[in-house]
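Chemist: Provided below for reference: sequence and predicted model.
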Amino acid sequence: EVKLVESGGGLVQPGGSLRLSCEDSGFTFSRNWMTWVRQAPGKGLEWVANMNPDGSQKNYVDSVKGRFTISRDNAKNSLYLQMNSLTAEDTAVYYCVSLGNWGQGTLVTVSS
Amino acid sequence: DIQMTQSPSSLSASVGDRVTITCRASQGIRNDLGWYQQQPGKAPKRLIYDASTLQSGVPSRFSGSGSGTEFTLRISSLQPEDFATYYCLQQNSYPFTFGPGTKVDIK
């Protein structure tokens, strides 16, 4: 079974950057589309970005285009989300998702 | 972007009740829809994909139906662990979009 573990969240000032990581302990990472979903405190789920298995296709929600970059390293079974120019609206728990399996999430707080 | 709506936004029900949640898309999405359950303080869990296919390990009291613009999640006999928030997700067109959620609580 796929197990996903996110890391890299924390407190960052507005305008700052953060890089999230997600490690997949399963055996099919290199064959799977990978997704980031976020959830602001007390709010619903928001799909953020996804990437195909070889990294040639990347898709983003409009609100993060030009600021966030999704990437992956199939040799390390890892997915990343580079987040730049962060604003308070980016404060959320960020989940890594694969084949319907979700990690436990990592909290990103953007505040001065 | 495709807009997803859910009804009701919340409902109160008792253990053993049959529950129905509806999700509507602003344009046709074939059967490219999933249903997710989120218990308080936990990560979401996928229940249904492709509108009607039960995720492995999910109890058979959950079922999904629909295609095009209207979809339904049914719980045949509500159990204590089913009190949660349920979301639909369309995966037909980018950006993928979630519905706003339906909270199911105890009557």
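Modeler: It's in.
Chemist: the helix or strand hosting residue B:35: what's the following helix or strand?
Modeler: Per DSSP states H and E, residue B:35 falls inside strand B:33-38. Next along the chain after strand B:33-38, taking DSSP H and E as the criterion, comes strand B:45-49.
Chemist: could you tell me the angle between that next one and strand B:33-38?
Modeler: Angle of strand B:45-49 versus strand B:33-38, following axes from the mean of the first three to the mean of the last three CA atoms, to 10 degrees, is 160 degrees.
Chemist: how about the strand holding residue B:35 as CSV, C-alpha atoms only?
Modeler: In CSV, the C-alpha atoms belonging to strand B:33-38 read as follows (Å, rounded to 0.1, in the frame of the first residue of the first chain):
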residue,chain,number,x,y,z
LEU,B,33,-15.8,12.2,-10.4
GLY,B,34,-14.6,11.0,-7.0
TRP,B,35,-16.1,11.1,-3.5
TYR,B,36,-14.0,11.7,-0.5
GLN,B,37,-14.7,11.4,3.3
GLN,B,38,-12.9,13.6,5.8
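Chemist: contact residues of chain A facing chain B?
Modeler: Residues of chain A found near chain B (CB under 8 Å from any CB of the partner chain) are A:37, A:44-47, A:50, A:59-62, A:95, A:100-105. Where you see a C-beta, it was placed from the backbone N, CA and C, and this is true even at glycine.
Chemist: put the buried members of these into a ChimeraX selection.
Modeler: Command for ChimeraX, covering only those of those found buried under the criterion 16 or more other CB atoms under 10 Å in any protein chain shown:
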select /A:37,45,46,47,50,59,60,61,95,100,101,102,103,105
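Chemist: now, the residues of chain A next to chain B that are in strands?
Modeler: A:37, A:45-47, A:50, A:59-60, A:95, A:101-102 (DSSP state E).
Chemist: closest one of those residues to residue A:24?
Modeler: residue A:101 (8.8 Å; CB to CB).
Chemist: quick one on the thing from earlier: could you dump the ones in strands among the residues of chain A next to chain B to JSON lines with pLDDT?
Modeler: Shown next, in JSON lines, are these (pLDDT from 0 to 100):
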{"residue": "A:37", "pLDDT": "98"}
{"residue": "A:45", "pLDDT": "98"}
{"residue": "A:46", "pLDDT": "98"}
{"residue": "A:47", "pLDDT": "98"}
{"residue": "A:50", "pLDDT": "98"}
{"residue": "A:59", "pLDDT": "98"}
{"residue": "A:60", "pLDDT": "98"}
{"residue": "A:95", "pLDDT": "98"}
{"residue": "A:101", "pLDDT": "93"}
{"residue": "A:102", "pLDDT": "97"}
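Chemist: check which helices and strands the helix or strand harbouring residue B:66 is in contact with.
Modeler: According to DSSP H and E, residue B:66 maps onto strand B:62-67. In this structure, strand B:62-67 makes packing contacts with strand B:33-38, strand B:45-49, strand B:53-54, strand B:70-75, judged by 3 or more CB pairs under 8 Å, 6 or more residues apart in numbering or on different chains; DSSP states H and E.
Chemist: right, I'll call it a day here.
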